[in-house]
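Colleague: build me a model from this:
(chains A and B)
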Amino acid sequence: MSKRSVIPYGPQHPVLPEPIHLDLVIEDEKIVEAIPSIGFIHRGLESLTDKRDFNQMAYVAERICGICSFGHGYGYCETVEHIMNVEVPDRAKFLRTIWFELSRLHSHLLWAGLMADAFGFENLFYQCWRVREKVLDAIELTTGGRVIFSVNKVGGVLKDITPEMQKMILETLDFVEAETKVLKKTFMNDYSVQSRMKGVGVLTKEQAKALGCAGPFARASGIATDMRMRGYAAYGELDMEPIISNDGDCYGRCEVRIGEIFQSIDLIRQAIAKIPDGELAAVVKGNPNGEYFTRIEQPRGEADYYVRGNGTPNLDRMRVRTPTFANLAGLCETLKGADYADIGILVVTIDPCISCTER
Amino acid sequence: MYNITRSPWVMHYDGSSCNGCDIEVLACLTPVYDAERFGIINTGDPMQADILLVTGGINTQNAPVVKQLYDQMSDPKVVVAVGVCACTGGVFKDCYNILGGADQVIPVDVYVPGCAARPQAIIDGIVKGIGVFQERLEKMEKGELKNQEEKEEAGKEE
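Modeller: Residues are numbered from 1 along each chain as shown, chains lettered A, B, ... in the order given. Predicted structure coming up:
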């Protein structure tokens, strides 16, 4: 038996902008075990319920994560709306769906770029981010912000998407669709890219189920789980099917996420075609009293929100369970037996969002 | 524009940021904003870095990491705090685990506000940082500013 050694990975390392620390037990070039240690970005955000009222907490919830910011704000607002029995206007539901899908679009393109960077294809990274900037321009046009755009509030949304803006969003979508088709060819057919992704980090359907994986990571292992099928916001009125792959390797995860880029484009087009006229927000009176639990689909997978109010402006408890937390167990499983050189790809492949996980 | 004689390399460390500023820092380096036209290269190695970009506030676990990264950088070095969290702690200032901005553990030269800081503001901050870097470099060449090793030696002699 060859000698085992422990190599620390992170918290500061070139692959990922976020700090995660892994202790990698390696034997020659193979990883035997990976032990994650977290806590570098823990802020204690949930404790802010003592100091901020439930309306202000919507802005705090958006700052759980800067990439899936809109989703976190949405999940929190939906939970509080259920507690307070607020009927959100239909137009607000559609607007939320459009922004949700725009943020999924930018998140997946961001991931595609980071993935390309992880396997050393810098040009592809730049191309993905060039396309992503167009999506950010559309978000900036409609909300005024680029990554954190605070348009959600308890009861509805703060801003409207006018018909001119809708036209510009559709133009952006045409551009993104055409460009992503070109990028897809490279990701799916390029020989060098395939050699880094095919058969790397295989997670079987049984393993994914046992470890409770979520989102594209689970869908790439053949589990058809997608919380959007629950029909929250306006998803109930749009046609969609979860995109799955049965490969279970890095290639499959890439295939699922690229498929979801086209799915998001399709969903935004459907939502813009069906958007009704009406109010942007319902009037909210009183304070939340009671508890509720919501499950929504973030770009990275299923996120759960729990809120308990006690009749005062300050909530008793806010709790978030994030997709990356669910996927970390799956990541450690795929790392076992992998080559040392593949760690970068395997870590990026779950699309980790450490700041969500640690809050 | 300053008279740049060297190409300063930047290193980015995510303190306890929400990722918003991190991806904007990355967006700065991509073709649309292209901070590389100032000769900047993003490096992961503190020994090669001249400018440290810190995003997010400082908490008890990452304070020693930030301190260590700063100590590993060779002189002259500049710290740019990106985003309101790195400046003061921002929206998380009242959280139990946040000690405050990056200046709680290391000296900060340029503060870039914003939540999330926009790429234009970040580039402006980096360019201001290059100015500070240039000044320090000139001072070091004249012998007015000591580098880390010389400081430590002077400390031992005393």
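Colleague: which residue sits closest to whichever residue of the stretch 1-150 of chain A sits closest to chain B, ignoring its sequence neighbours?
Modeller: Using CB to the nearest CB, the single residue of the stretch 1-150 of chain A nearest to chain B is residue A:66, 2.5 Å away. All C-beta atoms are positioned from the backbone trio N, CA, C, and that covers glycine. Among residues not flanking residue A:66 along the chain, residue B:20 sits closest, at 2.5 Å (CB to CB, 6 or more residues apart in numbering or on different chains).
Colleague: check the burial of the one you found by counting its neighbours.
Modeller: Counted with other CB atoms under 10 Å in any protein chain shown, residues neighbouring residue B:20 total 27.
Colleague: so what does the residue in chain B positioned nearest to chain A have for phi and psi?
Modeller: At 2.5 Å from chain A, residue B:20 is the closest residue in chain B, using CB to the nearest CB. Note on residue B:20: its backbone torsions stand at phi -60, psi -50 [degrees, to the nearest 10].
Colleague: my guess is it contacts residue B:84. True?
Modeller: No: counting by CB atoms under 8 Å, residue B:20 does not reach residue B:84; the two are 10.3 Å apart.
Colleague: quick one: low-confidence ranges for chain B?
Modeller: Scanning chain B with the threshold set as pLDDT under 70 gives B:1-5, B:145-158.
Colleague: any chance you could map the helices in it?
Modeller: Ranges of helices within chain B are B:20-29, B:63-72, B:84-88, B:119-142, B:148-157, based on DSSP state H.
Colleague: can you redo these as TSV with distance to residue A:124?
Modeller: Formatted as TSV, the helices of chain B follow (distance: least, CB to CB, whole Å):
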stretch	distance to residue A:124
helix B:20-29	15
helix B:63-72	29
helix B:84-88	30
helix B:119-142	21
helix B:148-157	39
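Colleague: what's the closest of these to residue A:169?
Modeller: Proximity to residue A:169 (CB to CB) singles out helix B:20-29 among those, at 20.2 Å.
Colleague: gap between the closest one and the chain center?
Modeller: Using CA atoms, centre = their mean, to the nearest Å, the distance from the centre of helix B:20-29 to the centre of the chain it belongs to is 14 Å.
Colleague: what's the answer for stretch A:226-237, then?
Modeller: 16 Å.
Colleague: same check, this time on stretch A:318-329
Modeller: Counting by CA atoms, centre = their mean, stretch A:318-329 is centred 11 Å from the centre of its parent chain.
Colleague: also stretch B:39-53?
Modeller: For stretch B:39-53, the distance to the chain centre is 9 Å (CA atoms, centre = their mean).
Colleague: that one vs chain A: in contact?
Modeller: Yes: applying CB under 8 Å from any CB of the partner chain, one finds that stretch B:39-53 is in contact with chain A at B:43-46.
Colleague: buried set for that stretch?
Modeller: Across stretch B:39-53, burial judged by 16 or more other CB atoms under 10 Å in any protein chain shown covers B:40, B:42, B:46, B:49-53.
Colleague: same deal with stretch A:328-347?
Modeller: A:328, A:330-335, A:338, A:342-347.
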